[in-house]
Structure formats: structure tokens, C-alpha cells
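Engineer: pasting the sequence and the predicted model now:
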Amino acid sequence: MNRKIPTLIGAAIGLALFLAIALLPAMLYGGYAGLLLAGGIFGTPVAPTLLPRALIVFGMMMGVVAIGSLFAVAGAVAGAAVGALTNVTMRRPVAEEHVSR
């Protein structure tokens, strides 16, 4: 469990960064992708009916989930790397282990 803690902390920091930096752009670009999809299916200009609106909201949700996942995984990788580097530096040298016996 101690080896998972830096990874979980990194994922939490990644999600916090996502909320602070990338939430609105993810919604914007996801909504634009949904609008392009709705325009391709229903034709342009897109009428404000239920199905095109649902496609636009679906695109927004997919953008948020995809970019949020990216930030969480990148944060977890960074946290695991920091945890591995600090674990390597905190190990006692072999010579000290033999002396302490």
C-alpha cells in the first residue's frame, strides 16, 4: 500500500490541475466536436431540437472524460515516478545493513 500512495497523490493533483486549467477548454472542444457530428448527421445549420442537442452534450461529456482521464493518468505516472525516485534515494546502502547485524 505504501507504494501506491505517491501514485494516488499524483492522480489527485492531476485531477485538480484538470479542474483548474482544462475543464472549460475540454467542454468547448467537445461541444464543437458534437456540433460537427450533429451537423454531419442532421445537416447544417443545426436545428435546436432534442437529438442534435443530445449529440452536442454527448460530445462535451466525452471531451471532459477524455481530457480528465489524460490528466489523471499523467499525474499518476508523475507521482509514481517521484515515488520511485524518492524510494531509491531512501534505501540504506548494503554496507550499512551488514554492519547493523
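Structural biologist: It's in.
Engineer: give me the contacts around the helix or strand residue 11 falls within.
Structural biologist: Taking DSSP states H and E as the definition, residue 11 sits inside helix 5-17. The contact list for helix 5-17 (Cβ atoms under 8 Å, 6 or more residues apart in numbering) reads 68, 71-80, 82-83, 86. C-beta coordinates here come from the backbone N, C-alpha and C atoms, glycine included.
Engineer: report the distance from the longest helix anywhere in the chain to the chain centre.
Structural biologist: As assigned by DSSP state H, the longest helix anywhere in the chain is helix 50-90. Computed by Cα atoms, centre = their mean, to the nearest Å, the chain-centroid distance of helix 50-90 equals 1 Å.
Engineer: other residues contacting stretch 45-54?
Structural biologist: Here stretch 45-54 has contacts from 35, 38, 39, 41, 42, using Cβ under 8 Å, 6+ apart.
Engineer: next, the contact list for the second one, please.
Structural biologist: By Cβ under 8 Å, 6+ apart, the contact list for residue 38 reads 46, 51, 52, 55, 56.
Engineer: now, of those, which are buried?
Structural biologist: 46, 52, 55, 56 (16 or more other Cβ atoms under 10 Å).
Engineer: of those residues, closest to residue 28?
Structural biologist: For the buried ones among the contacts of residue 38, the residue nearest residue 28 by Cβ to Cβ is residue 56; the value is 11.5 Å.
Engineer: leaving out chain neighbours, which residue sits closest to the spatially most central residue of the chain?
Structural biologist: Centroid-nearest residue in the chain, with Cα atoms, centre = their mean: residue 71, separated by 2.5 Å. Nearest residue to residue 71, sequence neighbours excluded (Cβ to Cβ, 6 or more residues apart in numbering): residue 18, at 3.7 Å.
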